[in-house]
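S.K.: Predicted model and sequence below, questions to follow.
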Amino acid sequence: MIRSEILEDIAPILRDQLVVCNIGIPSQELHAIDDQPTNFYMLGTMGLASSIGLGLALAQPKPVIVIDGDGSVLTNLGTLPTIGNNAPSNYILMIIDNGSYGSTGDQPTYTGMKTDLAGMARAAGCDNVVEVQDVGTGAALQKAIDDGVATVMVVKCDSGNAKMPVISMDPVVIRDRFMKAVAG
Amino acid sequence: MNIDKKIADDLVANDIRFVTTVPCKQLAGVIEEVEQRDDIFHIPSNKEDEGMGLCAGAWMGGKRPAIIMQNTAIGVTINTLATLIQYYRMPLPMIISYRGELREPVACQVEMAVHTKALLAQLNIPTYHFHWQRDVEEFDNILKYTFMCNKPVAILTDANFWGGYGDQ
């Protein structure tokens, strides 16, 4: 499976949750598959989805699901110790690890070689790290929500992208409707 | 006047409840003060752009944030300021240790100091420079201004403001 197939699979689970979605094609795919006011789409700022989601989870009690990528986590590796030492029980970081920089033309990342993100997360202090293969994503995500403990999921899948339109929504509109959904 | 305490008092008075920090020798006192306050959640960051991400999330979650960092971080965070904080129109007070200014003992710090105000001006970031201890009296107004206009706002605090480096 590629990322967009996973997102289609888990869209019914994501629908009622606060979701912070990674820059580029992941946000375009989620937006096209099931746009919701509870989705915060990143239009720029590669690497910060996990940090934005962590701040959000620390500030309010609803569960927060971050959809991140291997390339983006690699560009902000300092996030893992911060998550490991601070993540509250309502925080789920789901790293879609397809071993490539999808939004820029599927150039390989180091996670497709020797680097093990799950091992790095554990070493950074994340207590609950779940490794899952693409088809098992929905079940693992639902379990993470039901368990109510801070979770880092590393989802292994194939490299590749669906062809989806660029998000044309104004960033302030994305942010404003998201904040209303958070407060609602 | 204890400026560390005054800064923390003003943060609390302006309902700022989420503060992230990347340390600096000059900021050690205010970071310790923030850490000790029960009504502020203090979360250290490993890098300033990560810290701004945390602040963006906290604000969308209903908590007013602030970041405490060095001016060298302006070089690290320009993309984050432009494409996250400004693009989504979010408020962010940035309490910045202005290294490389008068009474600075480390020459390399001057290399980013000479670019600091120019970079902030290029980004259209409202910028205040605290040089004398009494300048801190403006801090409360600056915080109110930040959350009035939903912009990142820089408060540069130099070595003279913090009382220099002892004997240096």
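M.R.: Looks like it arrived, so ask away.
S.K.: CA atoms for contacts and neighbours, from now on please.
M.R.: Will do.
S.K.: Could you list every helix and strand in contact with the helix of greatest length in chain B?
M.R.: Secondary structure of chain B per DSSP state H: the longest helix is helix B:107-122. Using 3 or more Cα pairs under 8 Å, 6 or more residues apart in numbering or on different chains; DSSP states H and E, the elements in contact with helix B:107-122 are helix B:74-80, strand B:127-130.
S.K.: Now render the ones you listed as TSV, adding distance to chain A.
M.R.: Converted to TSV, the helices and strands packed on helix B:107-122 look like this (distance: least, Cα to the nearest Cα, whole Å):
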stretch	distance to chain A
helix B:74-80	6
strand B:127-130	23
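S.K.: out of everything not next to it in sequence, what's closest to residue B:119?
M.R.: residue B:74 (7.6 Å; Cα to Cα, 6 or more residues apart in numbering or on different chains).
S.K.: what number of residues lie near the one you found?
M.R.: Around residue B:74 sit 22 other residues, with neighbours defined as other Cα atoms under 10 Å in any protein chain shown.
S.K.: mind listing what residue A:19 touches?
M.R.: By Cα atoms under 8 Å, 6 or more residues apart in numbering or on different chains, the residues touching residue A:19 are A:38-40, A:53, A:64-67.
S.K.: near chain B too, which of these?
M.R.: Contacts with chain B within the contacts of residue A:19, as defined by Cα under 8 Å from any Cα of the partner chain: residue A:53.
S.K.: related to what we said a few turns ago, would you confirm that the residue nearest to residue B:119 contacts residue B:116?
M.R.: Yes. Shown here, residue B:74 and residue B:116 form a contact pair, counting by Cα atoms under 8 Å, at 7.0 Å.
S.K.: ok so, going back, quick one: the helices and strands packed on helix B:107-122 as CSV, columns for mean pLDDT too.
M.R.: Below are the helices and strands packed on helix B:107-122 laid out as CSV (pLDDT from 0 to 100):
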stretch, mean pLDDT
helix B:74-80, 97
strand B:127-130, 98
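S.K.: Quick check: chain neighbours aside, which residue is closest to residue 15?
M.R.: Just so you know, I chose chain A. That would be residue A:36: by Cα to Cα, 6+ apart, it lies 6.9 Å from residue A:15.
S.K.: that answer is for a different chain, and I need it for chain B
M.R.: residue B:64 (6.5 Å).
S.K.: circling back to that earlier point, can the helices and strands packed on helix B:107-122 go into TSV with extra columns for distance to residue B:28?
M.R.: Compiled in TSV, these are given as follows (distance: least, Cα to Cα, whole Å):
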stretch	distance to residue B:28
helix B:74-80	19
strand B:127-130	17
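S.K.: Looking at the ones you listed, which is nearest to residue B:93?
M.R.: Closest of those to residue B:93 is strand B:127-130, at 10.2 Å (criterion: Cα to Cα).
S.K.: Just say helix, strand or coil for the residue nearest in space to the middle of chain A.
M.R.: Centrality entry for chain A: nearest residue to the mean C-alpha point is residue A:67, 1.1 Å, by Cα atoms, centre = their mean. Counting by DSSP: H, G, I helix; E, B strand; the rest coil, the backbone at residue A:67 sits in strand.
S.K.: ranges for the helices of the chain?
M.R.: Reading this off chain A. A:3-14, A:25-34, A:49-59, A:70-75, A:79-86, A:117-123, A:137-147, A:171-183.
S.K.: try chain B instead
M.R.: B:3-13, B:28-36, B:48-60, B:74-80, B:107-122, B:139-149, B:159-162.
S.K.: can you tell me the average pLDDT over the last one?
M.R.: Think helix B:159-162. Computed over helix B:159-162, the mean pLDDT rounds to 95.
S.K.: just to revisit the earlier point, go through the helices of chain A and pick out the most buried.
M.R.: helix A:49-59 (a mean of 29; mean count of other Cα atoms under 10 Å in any protein chain shown).
S.K.: Give me the neighbour count for the residue nearest to residue A:15.
M.R.: Neighbours of residue A:36 (other Cα under 10 Å): 19.
S.K.: State the pLDDT value of residue B:166.
M.R.: Reported pLDDT for residue B:166: 54.
S.K.: who in chain A is up against chain B?
M.R.: So chain A meets chain B at A:43-45, A:48-49, A:51-60, A:76, A:78-79, A:82, A:86, A:171-172, A:175, A:178-179, A:182-183 (Cα under 8 Å from any Cα).
S.K.: need the contact list for residue 164.
M.R.: By default, I'm working from chain A. Here residue A:164 is in contact with A:25, A:28-29, A:32 (Cα under 8 Å, 6+ apart).
S.K.: I was after chain B.
M.R.: Per Cα under 8 Å, 6+ apart, neighbours of residue B:164: B:103-104.
S.K.: just to revisit the earlier point, backbone phi and psi for the residue nearest to residue A:15, please?
M.R.: phi -140, psi 150 (degrees, to the nearest 10).
S.K.: Bridged to the residue nearest to the spatial centre of chain B, which residues?
M.R.: Of all residues in chain B, the one closest to the mean position by Cα atoms, centre = their mean is residue B:95, 1.4 Å from it. Beta-bridge partners of residue B:95, counted by DSSP bridges, are residue B:68, residue B:155.
S.K.: State the distance from it to chain A.
M.R.: From residue B:95 over to chain A the distance is 19 Å, taken as Cα to the nearest Cα, to the nearest Å.
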